[in-house]
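**Q** model the structure of this input:
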Amino acid sequence: MRNQRCGPIRASVLLAVLALAACAGMPNQVSTANRTPVPSNMGNRMVEQYANGVAAFDRGDFATAYKILRPLAAAGIAPAPVKIGRIYANGYVVERNCDNAFRWYRRAAGQGQPNSMHNLAWIYALGHGVAVDRARAYAWLTLAIMYYPDDDPKLGLARRQLNDMAVPLHSDDMCHASKLIGAWNAALKARAHGP
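**A** Numbering: from 1, shown residues only. Prediction:
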């Protein structure tokens, strides 16, 4: 059950723990055109609402951010689910709930959002609310690297973390991770291109 070991997923902690990892040097394999940005067909009002929700989140007004972003996330407006997942993972204005955080991160990852993929990698790597699964952690982190834009500062961090994560993986785990990466990436590409 995911709620049994729910811990905060904080970037500052991850940065401190993983700062010593060596750079994997993997090239970014997916162009930014394949990522799912905030949908271009959003009306001006939704764009404004989204911007207001993100601004509230960034200034620490999580109650306002949740009120604005939760309906947008439920409507599938990317990347609102990433923020809602963080609100649940850290217990900002709602009770900390790993099941809900996990659900929102999965939804955002399914929309091609690399921050959620990165968060899912660490949920699996550290066993926050789920059983530790190094193959799934490796797969999600690899996908995050593939979907981060080349100019995103988190791309370098993710590459270093992937190198650190790969060292203890058994060959069977690497094979399983490779299959997961292929299947998930194909699903993301299919969704991005539509029927």
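
**Q** need the next SSE after the helix or strand hosting Arg107, C-terminal direction.
**A** If you go by DSSP states H and E, Arg107 is part of helix 98-110. Once the chain leaves helix 98-110, the next helix or strand it forms, by DSSP H and E, is helix 114-126.

**Q** could I get the CA-only coordinates of that following helix as CSV?
**A** Provided in CSV are the C-alpha atoms of helix 114-126 (Å, rounded to 0.1, in the frame of the first residue of the first chain):
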residue,chain,number,x,y,z
PRO,A,114,9.5,15.1,-17.3
ASN,A,115,9.3,16.6,-13.7
SER,A,116,6.7,13.9,-12.9
MET,A,117,8.8,11.2,-14.5
HIS,A,118,11.7,12.4,-12.3
ASN,A,119,9.5,12.3,-9.2
LEU,A,120,8.2,8.8,-10.0
ALA,A,121,11.8,7.6,-10.4
TRP,A,122,12.5,8.7,-6.8
ILE,A,123,9.3,7.4,-5.5
TYR,A,124,10.3,3.9,-6.8
ALA,A,125,14.0,4.3,-5.9
LEU,A,126,13.4,5.3,-2.3
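
**Q** what is that helix packed up against?
**A** Helix 114-126 sits against helix 80-90, helix 98-110, helix 134-147, helix 153-166, with contacts defined as 3 or more CB pairs under 8 Å, 6 or more residues apart in numbering; DSSP states H and E. From N, CA and C alone the C-beta is placed, and that goes for glycine too.

**Q** name the residue closest to the centre of this protein, please.
**A** In the chain, the residue lying closest to the centroid (CA atoms, centre = their mean) is Ser116, at 1.0 Å.

**Q** now it. Nearest residue, chain neighbours left out?
**A** Using CB to CB, 6 or more residues apart in numbering and skipping residues adjacent in sequence, the residue nearest Ser116 is Ala108, 3.7 Å away.

**Q** might one say that that neighbour is in contact with Ile77?
**A** No: Ala108 lies out of contact with Ile77 (CB atoms under 8 Å); the separation is 10.4 Å.

**Q** give me the more crowded residue out of the two.
**A** Ala108 (27 against 20; other CB atoms under 10 Å).

**Q** roughly how far does that one sit from Asp61?
**A** 21 Å (CB to CB, to the nearest Å).

**Q** tell me which other helices or strands the longest helix seen in the chain touches.
**A** Ranked by residue count under DSSP state H, the longest helix found in the chain is helix 171-193. Under the contact criterion of 3+ CB pairs under 8 Å, 6+ apart, helix 171-193 touches helix 98-110, helix 134-147.
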